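> what's the 3D shape of this:
(2 chains)
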Amino acid sequence: DAGVIQSPRHEVTEMGQEVTLRCKPISGHDYLFWYRQTMMRGLELLIYFNNNVPIDDSGMPEDRFSAKMPNASFSTLKIQPSEPRDSAVYFCASRGSSVYTFGSGTRLTVV
Amino acid sequence: KNQVEQSPQSLIILEGKNCTLQCNYTVSPFSNLRWYKQDTGRGPVSLTIMTFSENTKSNGRYTATLDADTKQSSLHITASQLSDSASYICVVSSPSGNTPLVFGKGTRLSVIA
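Just a heads-up that it's a prediction; the model follows:
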């Protein structure tokens, strides 16, 4: 198993542009989580899905953020328009049988 | 409010020495407590997971303890190696509520030769 796969690993974009982060969870895991990590705030939960259905998106900072999970093997986190304060590392994690596995993250820099 | 506090924020030790990282939590009700290791540029990787009834759990040179009465946990690293340099994150799970995991901000450990 290749684990949780995220792409891209690094993204640099200009303020105002749309950014799409991608995640492929571990096959068979029924939960998928999107986290954001910064030095100041640590890991913060943005949204999570159970069986492709969004369960809690209260962590999504504002309407500029949206997430989708069209099927069990793919999820996206979109930021439109992006702002410099969105710069962070975004992690996707999937869970199966109480085991959480994190991807390697996407380091987003908005200039 | 459910919170996880870790100390120290950062720590520098010599290779071969032991160290102990602390975690205090206010998450209630409590389901389990996990310690993760996060190398620079990587995602967190699970080291240990303990439920309410477990007091200690080991994973090689890593030993985690849990006192559910005082809501404290520690992670002890024995005979540290350079590869132990990483952030160590304490994570508490609650069976209820909208947030499945509550994360501490981590302790940044640097092991130097």
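> In contact with the residue of chain A found nearest chain B: list those residues for me.
Nearest residue of chain A to chain B (CB to the nearest CB) works out as A:F102 at 3.2 Å. For every residue, glycine as well, the C-beta is placed using N, CA and C. Listed by CB atoms under 8 Å, 6 or more residues apart in numbering or on different chains, the contact partners of A:F102 are A:V4, A:Y35, A:F91, A:C92, A:A93, B:G43, B:P44, B:V45.
> Tell me what it is bridged to.
Beta-bridge partners of A:F102, counted by DSSP bridges, are A:A93.
> Run through the strands of chain A in chain order.
Ranges of strands in chain A, per DSSP state E, are A:5-7, A:10-13, A:19-24, A:31-38, A:42-50, A:53-56, A:65-71, A:74-79, A:88-96, A:99-102, A:106-110.
> Which one, of those strands, ends up nearest to B:L66?
Closest approach to B:L66 among these is made by strand A:99-102 (18.0 Å; CB to CB).
> what stretches of chain B score poorly on pLDDT?
B:96-99 (pLDDT under 70).
> still on that earlier bit, from the contacts of A:F102, list just the buried residues.
Buried by 16 or more other CB atoms under 10 Å in any protein chain shown: A:V4, A:Y35, A:F91, A:C92, A:A93, B:G43, B:P44, out of the contacts of A:F102.
> any idea which of the residues you listed is the one closest to B:W35?
B:P44 (9.6 Å).
> which residues does the residue nearest to the closest one when sequence neighbours are not counted contact?
Nearest in space to B:P44, with sequence neighbours left out and distances taken as CB to CB, 6 or more residues apart in numbering or on different chains, is B:Y36 at 3.7 Å. Neighbour list for B:Y36: B:P44, B:V45, B:S46, B:L47, B:Y88, B:I89, B:V91 [criterion: CB under 8 Å, 6+ apart].
> So for whichever strand or helix holds B:Y36, what gets flagged as buried?
Per DSSP states H and E: B:Y36 is located in strand B:32-38. Buried residues in strand B:32-38, counting neighbours by 16+ other CB under 10 Å, are found at B:N32, B:L33, B:R34, B:W35, B:Y36, B:K37, B:Q38.
> Now do the contacts for the second one.
Pointing back at B:L33 there. B:C23, B:Y25, B:I49, B:M50, B:A64, B:L66, B:S73, B:C90, B:V91, B:V92, B:S93.
> which non-adjacent residue is nearest the closest residue to chain A within chain B?
Going by CB to the nearest CB, chain A is nearest to B:G43 of chain B, at 3.2 Å. Nearest non-adjacent residue to B:G43, counting by CB to CB, 6+ apart: A:F102, 3.2 Å away.
> And the one you found, what's its pLDDT?
Listed pLDDT for A:F102 reads 95.
> and chain B, which residues reach chain A?
Residues of chain B found near chain A (CB under 8 Å from any CB of the partner chain) are B:32, B:34, B:41-46, B:49, B:89, B:98-101, B:103-106.
> Nice, that's everything, thank you.
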